[in-house]
Structure formats: C-alpha cells, structure tokens
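S.K.: next come a sequence and a model predicted from it.
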Amino acid sequence: MPNIKVFGGSSHQDLAQKIVYRLGIEIGKVVLKKFSNQETSVEIGESVRGEDVYIIQSGCGEVNDNLMELLIMINACKIASASRVTAVIPCFPYARQDKKDKSRAPISAKLVANMLSVAGADHIITMDLHASQIQGFFDIPVDNLYAEPAVLKWIRENIQDWRDSIIVSPDAGGAKRVTAIADHLNVEFALIHKERKKANEVASMVLVGDVKDKVAILVDDMADTCGTICHAAEKLTQAGARKVYAILTHGIFSGPAISRINNACFEAVVVTNSIPQEEHMKECLKIQCIDISMILAEAIRRTHNGESVSYLFSNVPM
C-alpha cells in the first residue's frame with residue numbers, strides 16, 4: 001500500500017502491531033517518552049510529507065497521558081506536512097460525559113472532540129461509541145464501527161444452545177443495541193431498568209422480560225467497575241436463567257471489577273481487545289477476548305483506498 005503510514009501510541013502497542021500485520025506494512029517509527037517533569041515527548045522517526053497517516057491510540061490505561069500523546073502525535077504529523085491524519089481510537093475517552101445531566105456538569109466528550117480537531121485530525125475511526133450522537137460533536141468525518149458482527153459470530157460459534165437464548169440489556173440506554181442483536185439471532189430480548197444514586201453505584205433494578213430456563217446473554221458497550229453487570233447477572237439467576245454470559249465491547253475493569261466477576265455467576269465474560277486484556281485474562285479465567293484488529297485494519301485499508309466502510313457494519317472481514 002503506497003503513501004500510507006501507521007503509527008502506534010503507547011496505550012495499545014499489541015493492537016497496532018496486529019493491524020499493520022494485517023495491512024502487510026511496517027509500523028511507523030516513533031519515539032515516545034516522558035521528560036523528568038512528566039511532559040510527553042514525541043519524535044516521529046520518518047518522513048510523513050504527503051502521506052496518509054493513521055495513529056492508533058485507545059482511551060485506556062493512563063487516559064489523560066494517552067490522550068495528550070495522541071494530540072501531540074497528530075500535531076507533529078500535521079505540521080510535518082502529512083496530507084491527511086486519521087486518529088484511530090478504538091475506545092473513545094470521556095465518552096460517558098456526553099450530556100449535561102445535572103447543573104454545572106461538563107460535556108467532556110465535546111471538549112475532547114474539539115481538542116482532536118484543533119490538533120489537526122482530519123478523520124476519526126472509533127468503535128461502539130457510548131452514545132452515537134458523539135459523532136455530531138465533530139466537524140470532521142467520524143466512522144463509528146460496530147463490534148456487533150464479531151459478537152454475533154462469537155455467539156454462534158461458542159454458545160451451543162444460542163437458539164434458546166435471550167439477549168438482555170443491563171440498562172435502558174442499550175436497548176437499541178440489544179434489539180439489533182436479538183433480531184439477527186431471531187431470539188427474544190429483555191431489559192433491566194436501573195436507577196442510580198450516584199455514578200458507579202446502582203440503587204435498584206427491575207427485570208422486564210421472561211428469562212426462565214433460558215441462556216441469558218448480557219450485552220453492553222462498556223464495563224468499568226462491573227457493579228451493574230454483576231447485579232444484573234444475579235437478578236437473571238434469581239429470575240431462573242439457566243446460564244449467564246456477558247458480552248462487552250470495552251472491558252475497562254477498574255477498581256474491584258475483576259474480583260466481582262470472579263465471584264459472579266458468569267459462564268464467560270467476553271470483551272474485545274479495544275483495550276489491552278492480557279493482564280485481566282490472567283487474573284480472571286472467565287474473561288475471553290474477541291480480536292477486532294481485522295475490523296480496524298479493513299477500515300483503514302478502505303479509508304485509504306477511498307472505498308465505503310459500510311460493509312463492516314454487518315460483516316466481519318476474514
């Protein structure tokens with residue numbers, strides 16, 4: 001592939017390597033380090049003049065450091081005369097702060113969008129945004145890819161009695177995602193209505209739908225402290241579900257998340273590698289990983305060649 005350069009930030013080197021391997025190119029040379037006062041230093045190690053540049057950086061780990069590193073990398077490529085700079089952000093940082101839900105609350109996702117644009121990004125590729133409306137925060141093109149085709153493939157290949165399953169959303173916000181998956185599998189769906197007292201703490205839960213003697217598959221876009229999905233799993237078991245699986249696009253797993261999953265009644269908790277999962281998988285044998293590098297690699301290839309990426313919304317590239 002001529003005129004293309006792919007650089008990986010320090011947040012997820014493994015995913016960047018998998019993507020360039022699938023594209024059949026070498027990863028771009030870049031030196032990322034910190035000065036003694038913790039300022040981020042970026043040195044792009046090869047010419048990007050007139051090139052189509054892709055920078056892979058996920059919003060995980062040290063989120064603020066990684067975001068700053070991404071902004072500096074975008075700016076470094078832009079002022080080095082790159083023809084187009086695309087930020088590939090599998091897990092978009094600050095996506096949960098997308099609305100003013102109480103007085104004086106910031107809309108941080110919009111702030112991040114502005115920062116990316118000002119840094120010089122011409123295009124954003126991301127996956128399963130917490131709210132699709134975040135695409136409207138940008139004045140540049142945004143491709144919001146879906147993990148849904150990969151999730152459907154995993155369910156069909158790994159859950160033997162998936163025809164006797166029910167897809168469950170752990171909150172009202174994920175209802176649309178769940179109905180789409182249930183329609184593709186031609187099974188029922190259910191919904192858990194929850195009320196929060198404050199962030200990361202769930203007050204009460206009500207199950208809407210019948211899960212008795214079914215295989216319940218909880219589907220959500222992200223799990224952070226895992227309070228919600230572990231509560232939901234308990235609720236489903238009490239309501240008579242035979243087995244409970246959880247499928248999440250972004251497995252953040254911060255704080256007590258891993259111990260909660262270990263103590264919960266899940267058959268498996270399935271996440272994508274939009275965030276590095278090696279350490280989590282060592283600590284918890286229930287966690288399984290779906291590789292999404294081929295979806296991102298194909299999105300980069302199609303974008304570079306000026307082709308449509310809508311094929312990826314319903315198919316997993318081989």
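M.R.: Yes, it's here.
S.K.: got the CA positions of stretch 61-69 in CSV?
M.R.: The C-alpha atoms that make up stretch 61-69 are tabulated as CSV, following Å, rounded to 0.1, in the frame of the first residue of the first chain:
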residue,chain,number,x,y,z
GLY,A,61,-4.8,2.9,31.0
GLU,A,62,-3.4,6.4,31.8
VAL,A,63,-6.2,8.0,29.9
ASN,A,64,-5.1,11.6,30.2
ASP,A,65,-1.4,10.9,29.3
ASN,A,66,-2.5,8.8,26.3
LEU,A,67,-4.9,11.5,25.1
MET,A,68,-2.2,14.1,25.3
GLU,A,69,0.2,11.8,23.5
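S.K.: mind checking how far it is from the chain centre?
M.R.: Distance of stretch 61-69 from its chain centroid, counting by CA atoms, centre = their mean, to the nearest Å, is 16 Å.
S.K.: least trustworthy helix or strand in the chain by mean pLDDT?
M.R.: Every helix and strand of the chain was ranked by mean pLDDT, DSSP states H and E. The lowest is strand 201-208, at a mean of 78.
S.K.: how about the helices in the stretch 201-318 of the chain?
M.R.: For the stretch 201-318 of the chain, the helices defined by DSSP state H, counting those that start in this stretch occupy 227-238, 257-263, 278-283, 293-304.
S.K.: in this protein, spot the strand with the most residues.
M.R.: When the chain is parsed with DSSP state E, its longest strand is strand 188-198.
S.K.: helices and strands around it, which ones?
M.R.: Here strand 188-198 touches strand 165-169, helix 175-185, strand 201-208, helix 227-238, going by 3 or more CB pairs under 8 Å, 6 or more residues apart in numbering; DSSP states H and E. C-betas here are computed from N, CA, C, even on glycine.
S.K.: so which elements touch the longest one?
M.R.: In other words, helix 227-238. strand 188-198, strand 201-208, strand 215-223, strand 243-251, helix 257-263.
S.K.: run the last query once more with 7 Å
M.R.: Other elements packing on helix 227-238 under the criterion 3 or more CB pairs under 7 Å, 6 or more residues apart in numbering; DSSP states H and E are strand 188-198, strand 201-208, strand 215-223, strand 243-251.
S.K.: the longest one: partners in the sheet, and parallel or antiparallel?
M.R.: If you go by DSSP bridges, strand 188-198 pairs up with strand 165-169 (parallel), strand 201-208 (antiparallel).
S.K.: can you give me the buried ones in it?
M.R.: By neighbour count on 16 or more other CB atoms under 10 Å, the buried set for strand 188-198 is 189, 190, 191, 192, 194.
S.K.: the nearest residue to the first one once chain neighbours are set aside: neighbouring residues, count only.
M.R.: Sequence neighbours aside, residue 182 is the residue nearest to residue 189 in space, at 3.9 Å (criterion: CB to CB, 6 or more residues apart in numbering). Burial of residue 182 is recorded as 20 neighbouring residues (other CB atoms under 10 Å).
S.K.: if I look at residue 182, what pLDDT would I see?
M.R.: Per-residue confidence at residue 182 stands at 94 (pLDDT).
S.K.: closest to residue 298 out of the helices and strands packed on strand 188-198?
M.R.: Among these, the nearest to residue 298 by CB to CB is helix 175-185 (19.9 Å).
S.K.: could you list the buried residues of that closest one?
M.R.: Of all the residues in helix 175-185, those buried under the rule 16+ other CB under 10 Å are 177, 178, 180, 181, 182, 184, 185.
S.K.: ok, now stretch 299-317?
M.R.: 299, 300, 301, 302, 303, 304, 309, 312, 316, 317.
S.K.: circling back to that earlier point, need the helices and strands packed on helix 227-238 in JSON lines with distance to residue 76, can you?
M.R.: JSON lines is the format used below for these (distance: least, CB to CB, whole Å):
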{"stretch": "strand 188-198", "distance to residue 76": "40"}
{"stretch": "strand 201-208", "distance to residue 76": "41"}
{"stretch": "strand 215-223", "distance to residue 76": "30"}
{"stretch": "strand 243-251", "distance to residue 76": "27"}
